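Peer 1: sharing a sequence plus its predicted fold:
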Amino acid sequence: MPSHARNKLSARQVLSLTKPNIYSDGGGLYLRVRATGRSWIFIGTLKQGGNLRIKGTGNGERIELGLGSALDVSLAKAREKAAEIRTMLLDGIDPRAERLKPKAQGLHAATFGSFAMDLVDDIEEGFKNPKHRQQWRNTLKTYAEPLFRTPIDQVTTEQILAVLQPIWLSKAETASRLRGRIERVLDAAKVKGLRTGENPARGRGHLDLLLPKRSKAAVKHHPALPFAEIATFMARLSERPAVAARALEFTILTAARSGESRGMTWGEVDLQNKLWTVPAGRMKAQAEHQVPLSNAAMVILHAMHVDNLKPMDFVFPAPRGGSLSDMALSQLLKRMEYSHITVHGFRSTFRDWAGEKTQFGREEVEMALAHTVASSVERAYRRGRALEKRRELMAAWAAYCSLTAQF
């Protein structure tokens, strides 16, 4: 029987641990640290006869339960949840099944709200970054709150319409995500045997017949800075000393997505060959992406480089450890009085510049943006001269982003 020593972690450690690993607090409670964030899990074994083993294999069934993101669940709360699970295991109760049981002494089915939050706890490890975890919870809590007290087996089309209609046109993107998340919650409930019949949150052939049509003109894109203004912006940005400013500079110079540069580690960087290789797991298209680095981008990396760095260390670390949040870059734009544009919009700035001011082909530009190249001819081109052509493209972009550009 392994040792059951508990309360090994401190609140400060929970905030400061950045190396991807699983850290034990004891009693089956673990802090899982990944590049995408921190979360709590419980690992134990349910044995016949109600005997409990903590993270043992024995002859029983291994139990692993998500207890929520460390951003939302404090160390003290995680310990409370772990204690509840230990009690269930000692009594021979499977806590996974217990989550699905009625909440009010068997009188009603699990509510939409309780089931949805438990589902997020279980699936959040699959989210690419902490922002997505928080968005799931916030979107449901903010806009689907009228459904939270409804038994999961009694959620109707009319109730879902009442939640979606007020924001369907005014907040189109949020409403679409909300519909999809409600649909996933109800699908999961059906798989668990808590619902039957068609999913009332289904879009095609169901809700799309009942909700107003959206005008194509109403589709909003990420607000972008006109490329003619980029040099002035970069000059102002270079005057700011914060790590967020360096991260934003690098993001712009590489035409990368914010999450790719914020999650960048030193192990991904080849300083000698001026190349950044983003692993497939961190890319939207789930395919490895190589980024040739301009001299301007290399200057930023050398400025961020310090002694004794490890491959898993973030290039642009947050002040309290871990990676920078997306909000850090957005707040930087706000402080610079550029709140009318978005970080993602700089990719459009790059594309507009390349299309209007250069002779580079669409292939190089699309590859620089890490977009999937559709045709077989273009895929063959990728394997050929694409990297060197893109190196020329990124050098030209870096030159245009400087005040001395002669374009």
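Peer 2: Happy to help now that I have it.

Peer 1: next SSE downstream of the worst-scoring helix or strand of the chain on mean pLDDT?
Peer 2: Sorted by mean pLDDT, DSSP states H and E, the helices and strands of the chain end with strand 52-54, the least confident at a mean of 47. Taking DSSP states H and E as the definition, the helix or strand that follows strand 52-54 towards the C-terminus is strand 61-69.

Peer 1: low pLDDT regions in the protein?
Peer 2: Residues of the chain that meet the criterion pLDDT under 70 lie in 1-4, 36, 48-60, 99-109, 124-133, 215-222, 372-385, 403-407.

Peer 1: mind giving me the domain split of it?
Peer 2: Residue ranges for each domain of the chain read 11-98, 112-218, 227-400, as given by automatic domain parsing.

Peer 1: which of those domains sits closest to residue 5?
Peer 2: Of all the domains of the chain, the one in closest proximity to residue 5, counting by CB to CB, is domain 11-98 (4.9 Å). All C-beta atoms are positioned from the backbone trio N, CA, C, and that covers glycine.

Peer 1: mind checking how far that closest one is from the chain centre?
Peer 2: Taking the mean of its C-alpha atoms, domain 11-98 sits 22 Å from the chain's own mean (CA atoms, centre = their mean, to the nearest Å).

Peer 1: dump the domains of the chain into JSON lines; add mean neighbour count and distance to residue 5 as well.
Peer 2: Formatted as JSON lines, these follow (neighbours: other CB atoms under 10 Å; distance: least, CB to CB, whole Å):
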{"stretch": "domain 11-98", "mean neighbour count": "17", "distance to residue 5": "5"}
{"stretch": "domain 112-218", "mean neighbour count": "16", "distance to residue 5": "25"}
{"stretch": "domain 227-400", "mean neighbour count": "17", "distance to residue 5": "25"}
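
Peer 1: spatially nearest residue to residue 159 (excluding sequence neighbours)?
Peer 2: Nearest non-adjacent residue to residue 159, counting by CB to CB, 6 or more residues apart in numbering: residue 147, 6.0 Å away.

Peer 1: correct me if wrong: the one you found contacts residue 113.
Peer 2: Yes - shown here, residue 147 and residue 113 form a contact pair, counting by CB atoms under 8 Å, at 7.1 Å.

Peer 1: against residue 17, how distant is residue 72?
Peer 2: Residue 72 sits 17 Å away from residue 17, taking CB to CB, to the nearest Å as the criterion.

Peer 1: quick one: contacts of stretch 313-323?
Peer 2: The set of residues external to stretch 313-323 that reach it, using CB atoms under 8 Å, 6 or more residues apart in numbering, is 15-18, 35, 37-38, 243-244, 246-247, 250, 261-266, 269, 301, 304, 324-325, 328.

Peer 1: can I get stretch 154-171 as PDB, trimmed to CA atoms?
Peer 2: Extracted C-alpha coordinates of stretch 154-171, given in PDB (Å, rounded to 0.1, in the frame of the first residue of the first chain):
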ATOM      1  CA  GLN A 154     -36.300  18.300 -20.200                       C
ATOM      2  CA  VAL A 155     -34.300  20.900 -22.200                       C
ATOM      3  CA  THR A 156     -36.500  21.800 -25.200                       C
ATOM      4  CA  THR A 157     -36.100  23.600 -28.500                       C
ATOM      5  CA  GLU A 158     -38.200  26.500 -27.200                       C
ATOM      6  CA  GLN A 159     -35.900  27.000 -24.300                       C
ATOM      7  CA  ILE A 160     -32.800  27.000 -26.500                       C
ATOM      8  CA  LEU A 161     -34.400  29.500 -28.900                       C
ATOM      9  CA  ALA A 162     -35.100  31.800 -26.000                       C
ATOM     10  CA  VAL A 163     -31.400  31.700 -25.100                       C
ATOM     11  CA  LEU A 164     -30.100  32.200 -28.700                       C
ATOM     12  CA  GLN A 165     -32.600  34.700 -30.200                       C
ATOM     13  CA  PRO A 166     -31.500  37.800 -28.200                       C
ATOM     14  CA  ILE A 167     -27.900  37.400 -29.400                       C
ATOM     15  CA  TRP A 168     -28.300  35.600 -32.700                       C
ATOM     16  CA  LEU A 169     -27.800  38.700 -34.900                       C
ATOM     17  CA  SER A 170     -26.100  41.100 -32.500                       C
ATOM     18  CA  LYS A 171     -23.400  38.700 -31.300                       C
END
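
Peer 1: run through who's touching it.
Peer 2: The list of residues contacting stretch 154-171 from outside it, by CB under 8 Å, 6+ apart, reads 109, 112, 143-144, 146-147, 150, 174-175, 178-179, 182, 186, 195, 200-201, 206-207, 210-212, 214, 218.

Peer 1: one more pass at 7 Å, please.
Peer 2: Contacts of stretch 154-171 with the rest of the structure, by CB atoms under 7 Å, 6 or more residues apart in numbering, involve 112, 143-144, 146-147, 150, 174-175, 178-179, 182, 186, 200-201, 210-212, 214, 218.
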